[in-house]
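Undergrad: one predicted model, sequence on top.
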Amino acid sequence: MTRLLPGLAVAAAATVLAFLVHLAVPAVPTLTAAVVLGVVVAQLPAAQRMLDGPLKAGLGLAARRLLRIGIVLLGLKLSLVDIASLGWETVAVIVAIVGITFAATLWFGRVMGLPGTQPILVAAGFSVCGASAVGAMSAVTRSKDDDSATPIALVTLCGTLAIAVLPALRIPLGLSPEDFGVWVGLSVHDVGQVVATAQIAGPAALAAAVVVKLTRVLTLAPMVAIVGMAKRRRDARLAALPEGHPERVVQPAGKRPPLVPLFIVGFVAAVLVRTFVLPLVDASAGASVTNGVLDVADLVQTVLFSLALFALGSSIRFAALARTGWRALVVGLGSWALIAALSLGAVHLLAA
């Protein structure tokens, strides 16, 4: 604990500051402010020595374990009843857009030569749910913090731009509040960014955006499972190559990557609790217990994500990022444009 406390204390202070920024400027989500603060601090030479020294252990805990606990709590936002109310056509469109965006971004990232696991992390972040998806995918791919930091910075940048760009396009595109909400839910990354973008068009847009967005979040579990299976097969194939082969990889005993990480199982369990258990508790209590539980869970999740995103933002170094950063930026902007265009087409298709 002695090693962890300094880093956690700094992340906690940054979380409080991020919350104050959100209170002062409601259009800026708390999580966006947290990651931006981390990025800014990481560029200060004096701070870099602290971040790479006494603060490293605590920030590492926040960037990995606390982020995963936050992902579990994210499941409490999802009700299968709300998702079913969208209709099979809308659900099918959501799944199709997630799949197309993921595949296209992964391909583009590899073509652009992004290092390490960045292509798959950028693809997950832009197609599913921003930083949460990056964190989940980094666990199953065993990505380094450096590989995770750039995708999170990209989804934060593009999600922040969406708060200004998408509302400005609503009237020229002739979108009703409901259609605008669906567009935002299909194309914007983090839940907080979706709320900040959609609420500008009113409560109808916000309600539509949140349900569509949370349905996108539900695709996180099967996507992580698919990637986990693919990684296992690839590792087994490389381990089976003859000795001396340049691509042969010997896997340490007991170190196979998980098919589905435990926190993803927790995420699915939280969805089931939200759908089936909390309504039964409300019925037996004769009052709404659900709202109180969800309010507490939402607060804890926001705090955990803020701690994690500050920690991940603090691992970004512009000097190192400059070598490959422009390629990652091109991939991120390309993926954002693709999902926005596909989502707009889907809105017109569903409205027809």
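TA: Thanks, I have it. Residues are numbered from 1 along each chain as shown.
Undergrad: now stretch 42-61, how far from the chain's geometric center?
TA: 23 Å (CA atoms, centre = their mean, to the nearest Å).
Undergrad: just the mean pLDDT for that stretch, thanks.
TA: In this model, stretch 42-61 has a mean pLDDT of 90.
Undergrad: and that stretch, end to end?
TA: 17 Å (CA to CA, to the nearest Å).
Undergrad: identify the residues contacting residue 307.
TA: Shown in contact with residue 307 (CB atoms under 8 Å, 6 or more residues apart in numbering): 8, 11, 12, 14, 15, 34, 62, 66. Any C-beta I mention is one placed from the backbone N, CA and C, and that applies to glycine too.
Undergrad: using PDB, write out every CA atom in the helix or strand encompassing it.
TA: Per DSSP states H and E, residue 307 falls inside helix 290-313. In PDB, the C-alpha atoms belonging to helix 290-313 read as follows (Å, rounded to 0.1, in the frame of the first residue of the first chain):
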ATOM      1  CA  THR A 290     -33.200   0.600  -8.400                       C
ATOM      2  CA  ASN A 291     -32.800   4.300  -8.800                       C
ATOM      3  CA  GLY A 292     -30.700   4.600  -5.700                       C
ATOM      4  CA  VAL A 293     -28.500   1.600  -6.500                       C
ATOM      5  CA  LEU A 294     -27.900   3.000 -10.000                       C
ATOM      6  CA  ASP A 295     -27.100   6.500  -8.800                       C
ATOM      7  CA  VAL A 296     -24.500   5.100  -6.400                       C
ATOM      8  CA  ALA A 297     -23.100   2.700  -9.000                       C
ATOM      9  CA  ASP A 298     -22.900   5.600 -11.600                       C
ATOM     10  CA  LEU A 299     -21.000   7.800  -9.100                       C
ATOM     11  CA  VAL A 300     -18.500   5.000  -8.200                       C
ATOM     12  CA  GLN A 301     -18.000   4.100 -11.900                       C
ATOM     13  CA  THR A 302     -17.400   7.700 -12.800                       C
ATOM     14  CA  VAL A 303     -14.800   8.000 -10.100                       C
ATOM     15  CA  LEU A 304     -13.000   4.800 -11.100                       C
ATOM     16  CA  PHE A 305     -13.000   5.700 -14.800                       C
ATOM     17  CA  SER A 306     -11.600   9.200 -13.900                       C
ATOM     18  CA  LEU A 307      -8.800   7.700 -11.900                       C
ATOM     19  CA  ALA A 308      -8.000   5.200 -14.700                       C
ATOM     20  CA  LEU A 309      -8.100   7.800 -17.500                       C
ATOM     21  CA  PHE A 310      -5.900  10.300 -15.700                       C
ATOM     22  CA  ALA A 311      -3.400   7.400 -15.100                       C
ATOM     23  CA  LEU A 312      -3.600   6.400 -18.800                       C
ATOM     24  CA  GLY A 313      -3.300  10.000 -20.000                       C
END
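Undergrad: buried ones in it?
TA: 290, 293-294, 297, 301-313 (16 or more other CB atoms under 10 Å).
Undergrad: related to what we said a few turns ago, among the contacts of residue 307, name the ones in helices.
TA: Among these, the members found in helices (DSSP state H) are 8, 11, 12, 14, 15, 34.
Undergrad: got JSON lines for those, with pLDDT, neighbour count and distance to residue 45 too?
TA: Shown next, in JSON lines, are the ones in helices among the contacts of residue 307 (pLDDT from 0 to 100; neighbours: other CB atoms under 10 Å; distance: CB to CB, whole Å):
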{"residue": "8", "pLDDT": "95", "neighbour count": "19", "distance to residue 45": "23"}
{"residue": "11", "pLDDT": "96", "neighbour count": "27", "distance to residue 45": "20"}
{"residue": "12", "pLDDT": "96", "neighbour count": "17", "distance to residue 45": "23"}
{"residue": "14", "pLDDT": "96", "neighbour count": "25", "distance to residue 45": "18"}
{"residue": "15", "pLDDT": "96", "neighbour count": "25", "distance to residue 45": "24"}
{"residue": "34", "pLDDT": "91", "neighbour count": "31", "distance to residue 45": "22"}
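Undergrad: secondary structure class of residue 189, three-state.
TA: coil (DSSP: H, G, I helix; E, B strand; the rest coil).
Undergrad: which two of the contacts of residue 307 have the greatest separation?
TA: With CB to CB as the measure, no two of those lie farther apart than 8 and 34, at 13.9 Å.
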